[in-house]
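1. Model the structure of this input:
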Amino acid sequence: MEPKTLTAEVRESRGKGPARQLRKQGLIPAIFYGPGVEPAKLQLSPKALARVVGGAYGRNQILSLEYGGEKKLALLKDLEVDPVTRDLLHADLYAISEDREVQTRVPFETKGRAIGVQKGARMRKLFRTLPVRALPQNVPASIVHDVAPLDMGAIVQVEDLVLPEGVEVTYPPNRRVLLIEAKERKKRTEEEEEAAEGAEGEVAPAAG
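-> Here you go, the predicted structure:
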């Protein structure tokens with residue numbers, strides 16, 4: 001994964017009032033912090049931020065953060081979003097190093113159509129994302145599992161996943177992540193059973 005450049009400026013003001021003024025100017029406040037760096041109050045373009053984290057890696061995209069004549073590697077740690085307008089309001093940027101592992105979550109995806117599903121079973125994916133530990137540059141865009149060979153009753157555990165080199169899923173090896181299971185049949189109630197039995201015992205009246 002190649003870092004994407006994000007330019008920011010140091011801000012001196014803090015508080016709700018200055019933050020509102022920033023947003024009127026088309027900027028948002030941000031904080032940069034982490035191991036080995038002095039925390040820095042920044043301001044940046046929300047459009048630029050959305051653009052650099054809008055690719056395949058999402059929030060796991062490595063950022064080359066440029067501010068005050070410096071360049072630092074960072075990840076988007078947290079993002080405050082307006083619940084109504086969905087406008088970006090504030091960003092937390094976390095300092096990283098290419099030789100220090102990070103822990104994050106990546107999408108869990110499947111490919112193919114399981115044999116069991118073709119027979120009428122259903123596939124149940126237990127997690128939309130999986131927690132991983134890896135060097136920042138090794139974090140995958142997603143973890144993909146081929147379900148095509150899976151028959152009815154198949155169970156996929158963490159230890160069954162094929163992971164990129166240097167990537168570890170931090171769940172226990174025997175944690176289930178996917179099932180191919182028979183569809184549940186609707187059980188008839190006692191009333192329905194009695195009604196069915198009654199209907200079978202009825203005799204049609206003779207004509208005339």
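
2. mind checking how far the lengthiest strand in the chain is from the chain centre?
-> The longest strand of the chain (DSSP state E) is strand 70-81. For strand 70-81, the distance from its own C-alpha centre to the chain's C-alpha centre is 17 Å (CA atoms, centre = their mean, to the nearest Å).

3. Between strand 70-81 and the next helix-or-strand element following it, find me the angle.
-> For strand 70-81, the succeeding helix or strand toward the C-terminus, using DSSP states H and E, is strand 88-95. For strand 88-95 against strand 70-81, the angle by axes from the mean of the first three to the mean of the last three CA atoms, to 10 degrees is 140 degrees.

4. got the contact list for strand 88-95?
-> 19, 23, 28-37, 42, 44, 46, 49-50, 63, 65, 72-82 (CB atoms under 8 Å, 6 or more residues apart in numbering). Heads up, the C-betas are built off the backbone N, CA and C, glycines and all.

5. and the next element down the chain from that strand?
-> Next helix or strand after strand 88-95 toward the C-terminus (DSSP H and E): strand 102-111.

6. what sits up against the helix or strand just after that next one?
-> Next in sequence after strand 102-111, counting helices and strands by DSSP H and E, comes helix 115-118. By CB under 8 Å, 6+ apart, the list of residues contacting helix 115-118 from outside reads 123, 147-154, 180.

7. Could you pull out the buried residues of helix 115-118?
-> Using 16 or more other CB atoms under 10 Å as the test for burial, helix 115-118 gives 115-117.

8. ok, the residues you listed vs residue 7, which is closest?
-> residue 117 (47.5 Å; CB to CB).

9. Distance check, the closest one against residue 143.
-> 20 Å (CB to CB, to the nearest Å).

10. ok so, going back, where helices are concerned, which of the contacts of helix 115-118 count?
-> Judged by DSSP state H, helices contain none of those.

11. Mind putting those into TSV with neighbour count and pLDDT?
-> Below are these laid out as TSV (neighbours: other CB atoms under 10 Å; pLDDT from 0 to 100):
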residue	neighbour count	pLDDT
123	17	95
147	20	97
148	12	96
149	10	96
150	23	96
151	13	96
152	16	94
153	11	94
154	18	96
180	21	96
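
12. now those as JSON lines including distance to residue 160?
-> JSON lines is the format used below for those (distance: CB to CB, whole Å):
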{"residue": "123", "distance to residue 160": "14"}
{"residue": "147", "distance to residue 160": "11"}
{"residue": "148", "distance to residue 160": "14"}
{"residue": "149", "distance to residue 160": "11"}
{"residue": "150", "distance to residue 160": "10"}
{"residue": "151", "distance to residue 160": "14"}
{"residue": "152", "distance to residue 160": "17"}
{"residue": "153", "distance to residue 160": "14"}
{"residue": "154", "distance to residue 160": "10"}
{"residue": "180", "distance to residue 160": "13"}
